[in-house]
Structures are given as structure tokens and as C-alpha cells.
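S.K.: sequence and predicted structure below; questions after.
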Amino acid sequence: MSASLDRGLNAFKEQIDAPVAAFFSSCVRCGLCAEACLFYTETDEPKYTPIHKLEPLRRVWKQEYTFWGRLAKSLGLSKPVSDEMLTDWETLVYDSCTMCGRCSMVCPVGNDIAYMIRKMREGMAASGHAPEGLIGATKRAITIGSPMGVKLPALQAQIRHAEEELGFSVPVDVEGADYLLLLSSMEIMNFPEFISAVARIFKHANVSWTISSEAFEATNSGIQIGVSEIAAELVQRTVDAVAKLKVKSVISPECGHAYMAIRWEGPNLIGRPYDFKVVHILELLDELREQGRLKLSGKESQRLTYHDPCQVSRRGGVVQQPRNLMNMVAGNFVEMPETGTMNWCCGAGGGVSSNERADGLRLKAFNRKKKQLDAIHPDAIVSACSNCRIHLEDGLEEYSMDMPVLSLTETIAEHLADSEQAGSKA
Amino acid sequence: MTQISNDTEFRTALDGLDPAQQRLVAARFVENVVALCSDDRIARVIQVAGNSEASESELAEALKTARATTFDCHTRCGSEGDWTEQEGYFVARAAVAALTPAGKMPSGPAWQAALSSRMAQTSRSIVTGDDTAGQEGNQQYRILSEFLDS
């Protein structure tokens, strides 16, 4: 047995906790999870059945922790998990699963299959069976602080650009602010207008906030690749920045997995509760709406729909807030079929987007989103995850569908009642 | 003679343009930064956007090409970012904005094209370390002033 396989099998064993054991023992092989997975429904290939993607982990559980499995193993009647098996499963675990959690919603015995995939990735990464793209992103997250290699000078340049557009300063390293805004590298690189949008809204609503120059990155590739030590270190950087700046709350930006990482997994990763609150940007905007601090004017007349990012809505519970906000900006808001917690993934979450090998399959799976959109024919799609946004655009292009994809935060900023559409650039 | 000197005046003037005029002036904003995009397709689509007699089908085809260029240029989530490539990405996005029908872009095609063109210059300033990105706004004021006077 190779050292890497040994490491992987040990990692599998460490990951098999009570929930995982209970999930495997209670699976009734009904196959309902298959119909909930866009990689299965759009390919009809049985290998994409979610529970099947967990077969190596299931085999380790059975052979190590069940009476009959141990007996069969001791008599040489069961096949051990091999390097070859893990090589075969690498694409199933990383290319054809976005950890969207839709399969977990339909399981009749309540198995959280996405939770198990997350666990299985720990063993896959430990055994050296993770995609190159994710390995590179994780290395950059540790060494540079951003999976895309975004350094502080680049953020500072984007902030200067925003300040020129806004005509006022964007707060950085302000001690004692109420909120610390995190940003995803995708926002800094591809959608920097998010920074201006937030700044305009917060000025309008008189929100006290700041960005940290030492911990601005929201994403956590340690979770995507499946290395808890790295994931914990990345969470700790935010925790340290909160302590240093003495802020009360952290805002997760328009990024799906960042919210899951910092809001839901973070305290478990570092082994203690936070002494600060974490909110998604849409949760905060909806709070501002409720408090009457978000005054908008005019509505979009075009037919708008909302794409729920899986980690924000299904896994994160932020479902009603975006709808309240959509109703503020959309005169013709129309829901897709199977929306909210049962929305279909864009196909690019969970690290799939950084994995070029998965491009063909991802675009094939996008046909599911196409079917949802074909049912309502919107003029534009609004969402709250920059990764969803770029991959929705990519999928729409692939299927020759002509509709823009908008950010909900940016759309709200465009409708601020006293919108300082442009600053006082002299 | 029109003299635009800040973004408030700039945006008010843009909002006063009809959709065809928005497209024509947006094309000029993109033209001003097109050298930052190494993909020849953008130079071609901008010629279409800047042609007052372009047909609807020509504009639709140009928009399709601009969008395709955007996807070829953008930095994918989790990949190592290259700010030189981002220059091209933002120029392509500016071209997409210029060619998008007015009703489909809440902030207006010309304003969005202006912003994306500035972002292309910001990306350039990240590469070179020179703090010259702000100059693009002033050039856009001049371009719009000249457009309004023409």
C-alpha cells in the first residue's frame, strides 16, 4: 500500500463519525438522490447518483466498522479501497458534485449526502486524489491569502477606483466599526463594482463598516478541496482580524461557499463559538429594509427572476430575504419552478469552477438551469454569488440564451432613493 | 461648447441620450481602451457598435461575439489571476455593455461601458504600479463633451 493511500484511508476512518455511520446504515438504496442531482438528470449516467459517489467511504465504513464487513474483510471476501478506485472516483467527487445539497433534501431517511461528500474529500485530498486546479487555489490561499492570488495592492487599486466613482472614501482598517466586509477574489477581480455598490448602500443607510487589509478574503478553498486544517487556518485569519479591529459582525459577500464556510462551518473548524455575528450581505440588506433604512426609488420593468445560490439558500437558509429585496427593485418578479431551497445549482459550485477538466460536464449539466429558465422566459437573472453569476453567463452563452445576469446588491444600489449616482470627482 | 467635469454631470448627460446615442458614445469609450485587449474580435465589434447605420442583426451578432470574448478572457473562480488578462476582460465587458439593448441594463449601457473601461485601466495600473487609472474618467468626460457637441 502506498503512503498516500494509507494517509487517505486513515483520513476516511477519521471522518467516519456517528452521523456518517448512521447515514450509511440507513440508506435504503432507493435512488431518489439521483433524480435530485443535475449531473445525473442531464446525463442519465448512473455513476452520477450521489450516494454512489461515496462508495469508497462506504466501503471503508463497512469493512472497518460493521461486524459483517469486518468478517468479510478478514476472510478476504471484500475488495479493499485501492489507489485505482480513488483515481476513478476523483472525477465523481470533485467534477460531478458541487456540494449543492439538493440530494440531501430528498433523501427519505434524512441522509445528508453533501455532508458526506465534504467528509470524503478529506480522504481524497489526503491520498493525493484532488484536482490540480483546487490544489493550486488552496496553495495560493495559504501563501498569498487568496485562491486567485489577489494581493493587497490590487484590492487597494480597486478601492481607489471605487472611491473615484463614489466621491467618498471606502473605510479600510477602521477600528470599532460595526461590520467587517469580506470580499471574494472573484469580486475583486471580475466584479469590483460590488465594492462601490456596498459603499453606496451603507452610506445611504448609515452603516458603520470597514474592510480589513489583513483579512479581506471571504472564500475558503480548504473546505472545497477537503483539508480541514487549511480551512480552519483561513477561518482563523478572519477571527484574528475581527479581534484586531474590534468589529461586532462580519459580512459574507455575494459568494455562496464563503457564507457556508464562515457562517456555518467556521466555528466547528476552529473548535469554539465566535464572539461576533456573521451575516450574509442579503441578510443585512433585508434587516436595513425592515428598519426602514433602505429607501429605494423606481423598479425594473423587465421580467426578473432570482437564482438561489445553493450555499446561501439551501444550505444557508437565506431564502426569504432576497425575495423581499427583489420585490423592492422588480416590478415584474417571477419565480422559476423548483426555486428557493429546491433550486437547481448553476453547476459550478464546490470547486467545480476551478477545475477545468470539469468544463464539459458542467456545461452539459447547465441544461437543467436552461429548463428552469425556459419555463418562465425572464428578461434577466438576478443572483447573489459571483461564481454563480459568471457560470450562469457562461451557460447562457453555451445555450445561446440572451439574458443578462445581475447582482442583487448592485441592482439595489442602482435604485437608492437618494442615489449618489456619481460622486464629486473634480 | 459642452464642458463635463465630474461624474454627476457625466451621468446626467448619459441618461439624457437615446439608446442609439448611448451605444455610439459607449463605443467611443471602449475605443479609447481597446488597445488593452489583445483579442482582435473586440476591435471589430466596436466598429459595429460605433456605426450609426448598423442593422439589428449586425448588432446582435456583435454582442454575441463580445460576450464570447468575455468568457474567453475572464479569470475563472479559483484560478491564478492575471491582471493583464483582466485588462482585456474589462474591455470586452465594456463592449458587451455598449451593445446590450438599453432596457436590459439597469445602470444604462453607456455608463456601464464607461465603468468597465475604467476598470480596464485600473487593471492596467495594477500591472504597472502607476496610479493613472483615474485619468480615464477625465478622458471620458472629454469624449462625451465632444460627442454632445458634434
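M.R.: Alright, I've got the coordinates.
S.K.: tell me who's in contact with A:Ile251.
M.R.: A:Tyr179, A:Leu180, A:Leu181, A:Leu182, A:Trp209, A:Val278, A:Val279, A:His280, A:Ile281, A:Leu284 (Cβ atoms under 8 Å, 6 or more residues apart in numbering or on different chains). For the C-beta atoms, the positions are set from N, CA and C on the backbone; glycine is no exception.
S.K.: show me what contacts the first one?
M.R.: Contact criterion Cβ under 8 Å, 6+ apart gives A:Val207, A:Ser208, A:Trp209, A:Thr210, A:Val247, A:Lys248, A:Ser249, A:Val250, A:Ile251, A:Leu284 as the residues in contact with A:Tyr179.
S.K.: the fifth one too?
M.R.: With contact set as Cβ under 8 Å, 6+ apart, A:Trp209 has these partners: A:Pro171, A:Val174, A:Ala177, A:Asp178, A:Tyr179, A:Leu180, A:Leu181, A:Val198, A:Phe202, A:Ile251.
S.K.: which SS class is the third one?
M.R.: Taken by DSSP: H, G, I helix; E, B strand; the rest coil, the conformation at A:Ala177 corresponds to coil.
S.K.: so how far is B:Arg41 from it?
M.R.: 44 Å (Cβ to Cβ, to the nearest Å).
S.K.: same question, the second one
M.R.: Applying Cβ to Cβ, the value for A:Val174 to B:Arg41 is 44 Å.
S.K.: show me what from chain B comes close to chain A.
M.R.: B:5-8, B:10-11, B:67-68, B:70-71, B:74-81, B:83, B:86, B:89, B:100, B:103-107, B:115, B:118-119, B:122, B:125-126, B:129, B:131, B:133-134, B:137 (Cβ under 8 Å from any Cβ of the partner chain).
S.K.: quick one: buried ones out of these?
M.R.: For the residues of chain B next to chain A, a burial check counting by 16 or more other Cβ atoms under 10 Å in any protein chain shown picks out B:6-8, B:10-11, B:67-68, B:70-71, B:74-81, B:83, B:86, B:89, B:100, B:105-107, B:115, B:118-119, B:122, B:125-126, B:133-134, B:137.
S.K.: mind jotting down where the helices sit in chain B?
M.R.: For chain B, the helices defined by DSSP state H cover B:7-15, B:19-33, B:40-49, B:56-73, B:83-99, B:109-128, B:135-149.
S.K.: for these, give me JSON lines that also has mean pLDDT and distance to A:Val28.
M.R.: Shown next, in JSON lines, are the helices of chain B (pLDDT from 0 to 100; distance: least, Cβ to Cβ, whole Å):
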{"stretch": "helix B:7-15", "mean pLDDT": "93", "distance to A:Val28": "60"}
{"stretch": "helix B:19-33", "mean pLDDT": "96", "distance to A:Val28": "58"}
{"stretch": "helix B:40-49", "mean pLDDT": "96", "distance to A:Val28": "54"}
{"stretch": "helix B:56-73", "mean pLDDT": "92", "distance to A:Val28": "42"}
{"stretch": "helix B:83-99", "mean pLDDT": "95", "distance to A:Val28": "48"}
{"stretch": "helix B:109-128", "mean pLDDT": "94", "distance to A:Val28": "52"}
{"stretch": "helix B:135-149", "mean pLDDT": "94", "distance to A:Val28": "62"}
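S.K.: pick the most deeply packed of those.
M.R.: Of all these, helix B:83-99 has the most neighbours on average by mean count of other Cβ atoms under 10 Å in any protein chain shown, namely a mean of 27.
S.K.: who are the packing partners of that helix?
M.R.: With contacts taken as 3 or more Cβ pairs under 8 Å, 6 or more residues apart in numbering or on different chains; DSSP states H and E, helix B:83-99 sits against helix B:19-33, helix B:40-49, helix B:56-73, helix B:109-128.
S.K.: and these: which comes nearest A:Arg314?
M.R.: helix B:56-73 (26.6 Å; Cβ to Cβ).
S.K.: next, the angle helix B:109-128 makes with the closest one.
M.R.: Here helix B:56-73 runs at an angle of 30 degrees relative to helix B:109-128 (axes from the mean of the first three to the mean of the last three Cα atoms, to 10 degrees).
S.K.: neighbouring contacts of helix B:56-73?
M.R.: Counting by Cβ under 8 Å, 6+ apart, A:393-394, A:397, B:23, B:37, B:39, B:41-42, B:44-45, B:48-49, B:51, B:54, B:85-86, B:88-89, B:92-93, B:95-96, B:98-100 sit against helix B:56-73.
S.K.: and if you look at stretch B:119-134?
M.R.: Counting by Cβ under 8 Å, 6+ apart, A:153-154, A:157-158, A:160-161, A:164, A:192-193, B:33, B:36-37, B:83-84, B:86-91, B:93-94, B:118, B:135-136 sit against stretch B:119-134.
S.K.: looking at the contacts of A:Trp209, which is nearest A:Phe216?
M.R.: Using Cβ to Cβ, those come closest to A:Phe216 at A:Leu181, 8.2 Å.
S.K.: who is the closest one paired with across the strands?
M.R.: A:Ile251 (DSSP bridges).
S.K.: where does chain A have low pLDDT?
M.R.: Within chain A, the ranges that satisfy pLDDT under 70 run A:1, A:419-426.
S.K.: okay, now the domains of it?
M.R.: Using automatic domain parsing, the domain parsing of chain A gives A:3-130, A:135-289, A:294-414.
S.K.: circling back: would JSON lines of the contacts of A:Ile251 with distance to A:Glu233 be doable?
M.R.: Below are the contacts of A:Ile251 laid out as JSON lines (distance: Cβ to Cβ, whole Å):
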{"residue": "A:Tyr179", "distance to A:Glu233": "23"}
{"residue": "A:Leu180", "distance to A:Glu233": "18"}
{"residue": "A:Leu181", "distance to A:Glu233": "21"}
{"residue": "A:Leu182", "distance to A:Glu233": "16"}
{"residue": "A:Trp209", "distance to A:Glu233": "25"}
{"residue": "A:Val278", "distance to A:Glu233": "18"}
{"residue": "A:Val279", "distance to A:Glu233": "23"}
{"residue": "A:His280", "distance to A:Glu233": "23"}
{"residue": "A:Ile281", "distance to A:Glu233": "24"}
{"residue": "A:Leu284", "distance to A:Glu233": "26"}
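S.K.: which one of those residues is nearest to chain B?
M.R.: Of all the contacts of A:Ile251, chain B sits closest to A:Leu182, with 15.4 Å by Cβ to the nearest Cβ.
S.K.: ok, how many other residues are close to the closest one?
M.R.: The local packing of A:Leu182 (other Cβ atoms under 10 Å in any protein chain shown) involves 24 other residues.
S.K.: repeat for the one 10 residues further on
M.R.: The criterion is other Cβ under 10 Å. On that basis, A:Pro192 has 27 neighbouring residues.
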